[in-house]
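Chemist: prediction below, plus the sequence it came from.
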Amino acid sequence: MRTLSFQKILSLASITAVVGTLAWWHFGAAPAPQNASSARGGTPQVVVAQVAIGKAVELFEAVGTVKAVDSIVITPKITGFIQTLHVQTGQDVQAGAPLITLVADERKADTISLAAQLKQAEAKREDARKQYERGAALAKEGYKAQGAFDTLKANALAAEQAVVALKAQSQMAQVRLEDTMLRAPFAGVVGIIDGQAGTYIAAGTRITTLTQMDKMKVEISLPERAVGALKMGMTANVAPITQPNAAIAGTVQEIDSEVNPTTRQVRLNIIVPNDKRALTQGMSVLTRVEAAVREQALLVPEEAVIGDGLRYFVFTVDSAGKVSRKMVGLGVRSSGNVEVLSGLATGEQVVVEGHQKIRHGQQVKIVPKS
């Protein structure tokens, strides 16, 4: 039974082989597969752009905080009542202008009293000096006893010392009197005033603030890769976040000497003119620092660049229509273009459309951009 089944299987296999052979001779061999390029419709078509020369600006952008170059809190040195407010909130004042006067009746009285005492002491000093000079002349001629002369000399010296002491007291009284007048140490704008005439103010208590507004300082932090490109005096454009198109040109004035090891950023300060008072202390601003400007940079459209991990490539097409895949080093990106630092030359043609259809060494057809 097993032998018969095996013989049947062999017979069926032989019949199948014969039928297959006859069919091949009858219908002919299967056609060879077409060329891959032909199957896609012939030579690939690409759009190219020339490597151009243009301006490349290396920008670093950050959000900064506006601070005043000069700003102080106005506080009295002494305790007392406010007598007069000479300014209003928001008022511009010049350096030395009076801001607030405290009641100073007692101090004025002390000043007047000491001035009168000093006047009397100076008169006594003059009288003692004259008596001393007269006594000195008589003693020289032998008409004045030495003891009497020594007394005149001691009186003149005491009168002089009294004048010196009263002058010092008068100066101190004048300083105490001036402490009742609070003046602007520099030109600026007065802040909100806490108090009015008659308000009791303790020494060291805030009354108002004074802020210089003609120029402001903007503090920003940039990534550590910017350190090598930053220099004092560089141009920086600053704009309020609410008005990004209203940029004001400033200057980098200070660059920190170290990078923050936690944030990996470096701090810098920018001085910005503020004639129109567009910037206010504490405001957030958009900042752009022009770290480098290269007028003769090689530029290609962004769409020409292909990323491959940490490397970048472009496809170039020569005059014969042959494709080359080239690795390039990139610089800054701006307005749809990329700066090429290495790998290309002026005038070369780079593929901007059709990358997915081509490979290195392939022949392509250049077509205009649709």
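Modeler: Here it is on my side, so go on. Numbering: from 1, shown residues only.

Chemist: now the element after the helix or strand containing residue 323, going C-ward?
Modeler: In this assignment (DSSP states H and E), residue 323 forms part of strand 323-334. Tracing the chain C-terminally past strand 323-334 and defining elements by DSSP H and E, one meets strand 337-342 next.

Chemist: what's the angle between whichever helix or strand comes after that next one and strand 323-334?
Modeler: For strand 337-342, the succeeding helix or strand toward the C-terminus, using DSSP H and E, is strand 349-353. Computed by axes from the mean of the first three to the mean of the last three C-alpha atoms, to 10 degrees, the angle separating strand 349-353 from strand 323-334 equals 80 degrees.

Chemist: could you number the chain from 575 rather than 1 from now on?
Modeler: Understood, numbering begins at 575; the last thing we discussed is strand 923-927.

Chemist: so what touches strand 923-927?
Modeler: Outside strand 923-927, the residues within contact range by C-beta atoms under 8 Å, 6 or more residues apart in numbering are 620-625, 874-875, 877-878, 888-892, 897, 918, 932, 938, 940, 943. All C-beta atoms are positioned from the backbone trio N, CA, C, and that covers glycine.

Chemist: let's see that with 6 Å instead.
Modeler: For strand 923-927, contacts defined as C-beta atoms under 6 Å, 6 or more residues apart in numbering pick out 620-624, 874-875, 877-878, 888-891.

Chemist: dump those residues into TSV; add secondary structure, distance to residue 691 and pLDDT as well.
Modeler: TSV is the format used below for the contacts of strand 923-927 (DSSP: H, G, I helix; E, B strand; the rest coil; distance: C-beta to C-beta, whole Å; pLDDT from 0 to 100):
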residue	secondary structure	distance to residue 691	pLDDT
620	strand	103	94
621	strand	99	95
622	strand	99	95
623	strand	94	94
624	strand	94	93
874	strand	89	95
875	strand	90	94
877	helix	92	94
878	helix	92	94
888	strand	94	96
889	strand	99	96
890	strand	98	96
891	strand	102	95
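
Chemist: any of these buried? List them.
Modeler: Among those, those buried by neighbour count (16 or more other C-beta atoms under 10 Å) are 620, 622-623, 874-875, 878, 888-891.

Chemist: closest to residue 906 among the residues you listed?
Modeler: Within the buried ones among the contacts of strand 923-927, proximity to residue 906 (C-beta to C-beta) peaks at residue 874, which comes in at 12.5 Å.

Chemist: who does the closest one bridge with?
Modeler: With DSSP bridges as the criterion, residue 874 is bridged to residue 912.

Chemist: which residues touch it?
Modeler: Contacts of residue 874 by C-beta under 6 Å, 6+ apart are 625, 912, 914, 924.

Chemist: partner strands of the strand holding residue 897 and their direction?
Modeler: strand 885-891 (antiparallel), strand 911-916 (antiparallel).

Chemist: between those strands, which gets nearest to residue 847?
Modeler: strand 911-916 (31.1 Å).

Chemist: so where's this structure shaky on pLDDT?
Modeler: Counting by pLDDT under 70, the ranges of the chain that qualify are 575-615, 681, 713, 715-721, 723.

Chemist: in it, which helix is the longest?
Modeler: Longest helix of the chain, by residue count under DSSP state H: helix 679-715.

Chemist: next, the buried residues of the strand holding residue 897.
Modeler: 897, 899-900, 902, 905-906, 908.

Chemist: could you do stretch 633-650 as well?
Modeler: By neighbour count on 16+ other C-beta under 10 Å, the buried set for stretch 633-650 is 633-634, 636, 638, 640-643, 645-646, 648, 650.

Chemist: now intersect these with the strands, please.
Modeler: 633-634, 636, 638, 640-642, 645-646, 648 (DSSP state E).

Chemist: this structure: helices as residue ranges?
Modeler: Ranges of helices in the chain, per DSSP H, are 576-601, 610-613, 679-715, 720-752.

Chemist: gap between residue 858 and residue 619?
Modeler: Noted for residue 858: a distance of 50 Å to residue 619, by C-beta to C-beta, to the nearest Å.

Chemist: go on, residue 698?
Modeler: 114 Å.

Chemist: what about the two, which has more around it?
Modeler: Remark: of residue 698 and residue 619, residue 698 carries more neighbours, 17 against 14, as counted by other C-beta atoms under 10 Å.

Chemist: how about the nearest residue to that one, chain neighbours excluded?
Modeler: In this structure, residue 698 finds its nearest non-sequential neighbour in residue 733, 5.1 Å apart by C-beta to C-beta, 6 or more residues apart in numbering.

Chemist: isn't that neighbour right up against residue 701?
Modeler: No. Residue 733 lies out of contact with residue 701 (C-beta atoms under 6 Å); the separation is 7.7 Å.

Chemist: quick one: which of these two has more around it?
Modeler: residue 733 (20 against 13).
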